[in-house]
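>>> Kindly generate the corresponding structure for this input.
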Amino acid sequence: MPEKAAGTSALSEEEFQELVASSDTGARKFSGSLGMLFPVTAIAWSVFQLILASPFSNYILAGSLINNSRQVHLAFAIFLAFMAYPALKSSPRNHVPIQDWFIGLFGSFMALYGFFFYEKIVIAGGVADEADKWFAFFGIIVLLEGARRALGPPMVVVATVFLAYVFFGSADWVPEVIQWKGASLKKAMSHMWITSEGVFGIALGVSTKFVFLFVLFGALLDKAGAGNYFIKMAFGALGHLRGGPAKAAVVGSAATGLISGSSIANVVTTGTFTIPLMKRVGFTSEQAGSVEVASSVNGQIMPPVMGAAAFLMVEYVGISYVEVITHAFLPAVISYIALFYIVHLEALKRNLPTLGNRVVSIGRTIGGMAAFFGGFALLCYVLQYPVGWITGMLPASGLFLSAAIFLAYVGLLWLAAQAPDLEPDDPNAQVVELPVVTDIYKTGLYYLLPIVVLVYLLMIEQKSPGLSAFWASALLLTILVTQRPLKAFFRGEGDAYAAFRSGVQDLGGGLMDGARNMIGIGLATATAGIIVGTITLTGVGQVMAELVEFLSGGNLLLMLAMVALLSLVLGMGLPTTANYIVVSSLMAGVVVELGAQSGLVVPLIAVHLFVFYFGIMADVTPPVGVASFAAAAVSGGDPIRTGFTAFFYSLRTVALPFLFILNTDLLLIDVTWVQGIIIFAAATVGILVFTAGTMGYFMTRNRIHESVLLILIAFAFFRPDFFMDRLQPPFRSLAPTELAAALEEVDPGSTIRMVVSGPDFDTGKAKDITIDVELGDEPGGAARLEGMGLVVAEENGVLLLDEPLFGTPLANKLAELDFYADDAVHVSVAKLPQYQLPAELVYFPAMLLLGLVMMLQKSRRKREETAA
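The predicted structure is shown next:
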C-alpha cells in the first residue's frame, strides 16, 4: 500500500474496522430478521458463560448442561464462526449463504453429540461405536473448516499433519525415528472426540471456565469507554515529552493489553491514534508501526490475562493462578520498561520534536505514574482489613459490600458527570490538543472499580479466576446500563428513558463483542486439542525429546535455542493460545528433562513461560507476523520492514526467556520480599543497560566496545550468580559413598545436589538426572537419606539406589528410571552446599563499569556539543 503524506492515516476509519473484523471478529455484516440471529446467539453465549461462572449456576442450569459445558461452548463457537466468517474472499459479506447455515447447525450438533448421547457414551466407557466414529469424524472436519475460516489455513494444516500421523505413523515413508504403530479410525475418533483427551480436553475446558469471562470483561470494559480513557490518560501524561506519542503508545497498549487477548486488536485499537501522531513528530512509518506492534504484542505477556495462556498454565503446570501471574509479573514489567526506554533513546538519536508547547518533566511524570500504580496496589491490599471486619461482623455482609461498591460507583460517577464526556481525538487534525491529566482523570475513575474488584478477589481473597471475573463483569454490566442515565440525572439534562435505552444497547453490544472475540479462541483451543490428543495417543512427545537431545548433542543452550526456534516457527501459523498449547505439550517436558541431564534444575513454570514468550514473538516476526501487517496497514509502511524493526525492538523479549531459565529469581521463585525488591531493581537496571547496548545509544552514540561492555554489564545484573559461581562455587563435590556420613554435618533445610544415573524406564538407555533435595531434620545421615525416600546400599565403591518410597520427595523426580533393570540405578555425583558470598556483590563492579561508560560518553558528548 503506498504511503500517504506524513500526519495522515493510511486507512480510513471504515477500513480500520474492516481490518479488525476480518482478522479477529469475522468479516460479515448482518441485516434483516435473519441477521438478528447472530447478535442474539452471541449474547446468549455470553449470558450462558456468565451464569456458568456464577455461584448460582447449580440453581439455574441443569446438571447435564454444567457437566457438558465444554460441548456447549464449542457448539456456540462453531455456529458463530460459520455465521461471521465467509468461506472465501469472494463469498458474500452482507448475508449468510444457505450452506453456511447448514454446516454451522450441523457442526453445533456434532459438538453437542456428547451431550445428547451422554448416557450411551458413559455406558460404553468412552469407546466409540460405529455410529460414534462417523459422527466424530465429520465433527472434526467441520471444526477444521471453522478454524480455517476464523484462524487461517496454518492452524488447520498443523492439526491435519498431526492427525495424519495418527493414521499413517507406521508407514514406511515416515522416518524411522518417529514411526509408531498407527491407529484405527474408531480408536482415533474415540480419543479425539468422545473422550476428554482430544478436542474436549484441558485447553477447551480452560477456555470454557476462565478465558471467556476475561475476554468478556475486556470487551465490556472497552464498551463502557475505558479504552478511550486509558489512551487519553497516557497521552495526557506523556504526549508532550520528546517522542511522547510513542511513549504514550507503550503505556496505552500496556493498559489495554492487561485485559485483551488479541495483539491485532491492540494494534488497531490504539494504533489508529498513536501511529499518525508518531509519524507527525518524525518517526518513519515502519518505526511508528513497530513501536505499536511491540507494545501491543507485549500486552499478551502482561498479567492477568496473558493472551489466555495464564489459565492454561494453571492446568498444565499444576500451580495456582496467583502463582502464575506472580511469576510472570517481573519479566512483563521490565519488558515494558525497556520498550519505553527504547522509544526514549530513539527520540534522542533522531532529536525528535515534541507535540504542543507544554513543558513536562519526565521525572515527575514517571514518579506520578509509579505513585498511581503503587497507590492502586496499596488500595487493593488495604481493602482486606475493612472487608474482613465487615464479613466477620455482619450476617448479610455480601449485600452490604455490594451496596458499598455501588455507592462508591455512584460517587465516582457524580464526579465524572462534572466534566464533559471524553470524545476520541482526531490525530490528523491541524492542531493536536493533547489532554491535561488533571482535567480528565476524574472522568473515568469509576472504570477502575471493576479492575479493583477483579484484582482484589484474585490476589487478596484468592478466589478462582472464573468467579473473580464473574463479579467484576457483573459490576461492569451494572455500569453499562446505569452510567448514561445517572450522568444525565446528575447533569439535569436529556431524556432519562433514552439514556437508559442507550445503556441497554451498550450492554447488548458488549455481550456480543465478548462472544465475537471468543470465536477464534474457542476454535483455537478445540483444534489444538487434536494436536494434544495426537501427542498423548502416539507418544510423539518422547520421540521429540530424543530428537532434540540428539540434534543438540546434550548442550543446554543449543537445546533451548532449538525449542525457541520451534516455538517461533509454529507460532507463525498458530494463534498465541494454540501455539502455547502445542509447543508446551511437545517441548516443556523436553526442556525439564534435558535440563536435569545437563545439571540445571528448571522449574516447570519457567519452561512454560519460555515457550510462551517465543510463541507471541511470531505475531511480530516476518514473513507471517500478523500484528506487523496490521500495523503496516495503519501506518502505510512496508509490512516486512515493519516486522523486522519490531523484532529488533523486541530483542529484550527474546533475551528474557533465556535469562529466567538460567536465573529463576527473575520469576520470583522462592524469594523473600526484600530479595524481590533487590531483584526488581537489578533487573530494571539490567534491562535498561541491555537496551542501551543493543540500541547503540546511551548518553550519546555508542562505540562498538561500549555496546559490548554495556551488554556484559546487563548480563552481570541479570545473572550475578554466573560470575560468583566461578569465583566461589556453591557446592563441593564428594564421593557418593561418603554422602551419608557427610550429611550429618549439614544444617537442616540445606539443599544438596545429586546426579542419579540409570536406565531409562521407556527406552532402557542410560541417562542422568540432576536433582536438588532439601534436607530434613532427621538425626543422622542415613535417616536423612531415608527421609528423602532414598534406600541406598554400597557395593564395590558404588552407591546403589532402590526405588524411592511412594509419596516421598524423590518418587516423582526419579520415576523415569528403571530400578528393576539389569543395570543398577546409582548416585554418580554428590555435591554438598558450601559457604558462598552473596551473588549481589557482583552488582558493585558492574555499577563501577557502568559509571565508567557514563563518564566516557558524557565527556564525548560535551566535545560533540562544543564542536557543533
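>>> contacts, neighbours, all on C-alpha from now
OK.
>>> Need the pLDDT of the residue nearest in space to the middle of the chain.
Among the residues of the chain, the one closest to the centroid is residue 306, at 2.8 Å (Cα atoms, centre = their mean). For residue 306, the pLDDT comes out at 70.
>>> separation between residue 415 and residue 480?
17 Å (Cα to Cα, to the nearest Å).
>>> which of those two has more neighbours?
Legend: neighbour count by other Cα atoms under 10 Å for residue 415 and residue 480, higher for residue 480 (24 against 17).
>>> residues touching the more buried one, list them.
220, 223, 224, 503, 504, 506, 507 (Cα atoms under 8 Å, 6 or more residues apart in numbering).
>>> Please settle this for me: is it part of a strand?
No. Counting by DSSP: H, G, I helix; E, B strand; the rest coil, residue 480 is not found in a strand; it is helix.
>>> For the closest residue in space to residue 830 that isn't next to it in sequence, list each beta-bridge partner.
Computed as Cα to Cα, 6 or more residues apart in numbering, the closest residue to residue 830 that is not its neighbour in sequence is residue 754, at 4.6 Å. Legend: beta-bridge partners of residue 754 under DSSP bridges are residue 771, residue 830.
>>> Kindly report the same for the one 4 residues further on.
With DSSP bridges applied, the residues forming beta bridges to residue 758 are residue 767.
>>> thought it was touching residue 801?
No. If you go by Cα atoms under 8 Å, residue 758 and residue 801 don't touch, sitting 9.6 Å apart.
>>> Looking at the two, which has the bigger crowd around it?
Neighbours per residue, other Cα under 10 Å: of residue 758 and residue 801, the larger number sits with residue 758, 26 against 19.
>>> give the contact list for the more buried one.
With Cα under 8 Å, 6+ apart, residue 758 has these contacts: 766, 767, 768, 817, 818, 819, 823, 824, 825, 826.
>>> mind giving me the domain split of this protein?
Following automatic domain parsing, one finds the domains of the chain at 13-204, 731-835.
>>> Show the average pLDDT along the last one.
What it means is domain 731-835. 83.
>>> what residues are shared contacts of residue 758 and residue 801?
819, 824, 825, 826.
>>> Let me know how buried the second one is, in neighbour terms.
With neighbours defined by other Cα under 10 Å, the count for residue 824 comes to 18.
>>> Among the shared contacts of residue 758 and residue 801, which pair sits farthest apart?
819 and 826 (9.5 Å; Cα to Cα).
>>> Which of the shared contacts of residue 758 and residue 801 lies at the shortest distance from residue 92?
residue 819 (64.5 Å).
>>> Secondary structure element for the closest one, which one?
Here residue 819 is covered by no helix or strand, with elements defined by DSSP states H and E.
>>> Distance of residue 615 relative to residue 621?
10 Å.
>>> between those two, who's got more neighbours?
It is residue 615, of residue 615 and residue 621, that has more neighbours when counted by other Cα under 10 Å, with 31 against 25.
>>> how long is stretch 530-544 from one end to the other?
The first and final residues of stretch 530-544 sit 17 Å from each other (Cα to Cα).
>>> what's the average pLDDT for it?
Computed over stretch 530-544, the mean pLDDT rounds to 82.
>>> that older thread, surely the residue nearest to the centre of the chain is in contact with residue 297?
No. Here residue 306 lies out of contact with residue 297, judged by Cα under 8 Å, at a distance of 10.1 Å.
>>> what about the longest helix in the protein?
In the chain, with assignment by DSSP state H, the single longest helix is helix 496-538.
>>> Can you get me the centre-to-centre distance for it and its chain?
Relative to the centre of its chain, helix 496-538 is centred 17 Å away, using Cα atoms, centre = their mean, to the nearest Å.
>>> can you count the residues close to residue 563?
There are 23 residues near residue 563, going by other Cα under 10 Å.
>>> Same question for residue 382.
Here the count is done by other Cα under 10 Å, and residue 382 has 12 residues near it.
>>> residue boundaries of the helices in the stretch 301-450 of the chain?
309-317, 321-350, 362-382, 384-393, 397-417, 437-440, 448-455 (DSSP state H, counting those that start in this stretch).
>>> Quickly, which of those bottoms out on average pLDDT?
helix 362-382 (a mean of 74).
>>> which residues sit against that helix?
The contact list for helix 362-382 (Cα under 8 Å, 6+ apart) reads 237, 238, 241, 452, 455, 456, 460.
>>> Check which residues of it are buried.
residue 380 (16 or more other Cα atoms under 10 Å).
>>> just the angle between that helix and helix 448-455, please?
Counting by axes from the mean of the first three to the mean of the last three Cα atoms, to 10 degrees, helix 362-382 lies at 60 degrees to helix 448-455.
>>> just to revisit the earlier point, quick one: buried ones out of the contacts of residue 480?
220, 223, 224, 503, 504, 506, 507.
>>> what's the pLDDT at residue 257?
Taking residue 257 on its own, its pLDDT is 64.
>>> picking that back up, widest-spaced pair of the contacts of helix 362-382?
Spatial extent of those (Cα to Cα) is set by the pair 241 and 460 at 36.5 Å.
>>> Compare these two and say which is more crowded by neighbours.
residue 241 (25 against 15).
>>> still on that earlier bit, hey, what's in contact with both of residue 819 and residue 826?
758, 801.
>>> how close does residue 207 sit to residue 299?
19 Å.
>>> who has more neighbours, the two?
Neighbour tally, residue 207 and residue 299, criterion other Cα under 10 Å: the higher count belongs to residue 299, 31 against 28.
>>> Surely residue 244 is in contact with residue 238?
Yes. Applying Cα under 8 Å, one finds residue 244 in contact with residue 238, separated by 5.2 Å.
>>> Just among the shared contacts of residue 758 and residue 801, which is most surrounded?
Neighbour max across the shared contacts of residue 758 and residue 801 (other Cα under 10 Å) = residue 825, 26 neighbours.
>>> for the stretch 101-250 of the chain, what spans make up the strands?
For the stretch 101-250 of the chain, applying DSSP state E, counting those that start in this stretch gives no strands.
>>> Low-confidence ranges, it, go.
126 (pLDDT under 70).
>>> repeat that with 80
118-128, 176-178, 239-243, 249 (pLDDT under 80).
>>> Which stretches in it count as helices?
Along the stretch 101-250 of the chain, the segments classed as helices by DSSP H, counting those that start in this stretch run 113-116, 118-123, 130-151, 153-168, 185-189, 202-206, 212-224, 226-238, 244-257.
>>> Can you list the buried residues in the third one?
If I follow you right, that is helix 130-151. By 16+ other Cα under 10 Å, the buried positions in helix 130-151 come out as 132-133, 135-137, 139-140, 142-151.
>>> Am I right that residue 291 is in contact with residue 647?
No. Counting by Cα under 8 Å, residue 291 stays clear of residue 647, with 10.1 Å between them.
>>> Right, I'll leave it there.
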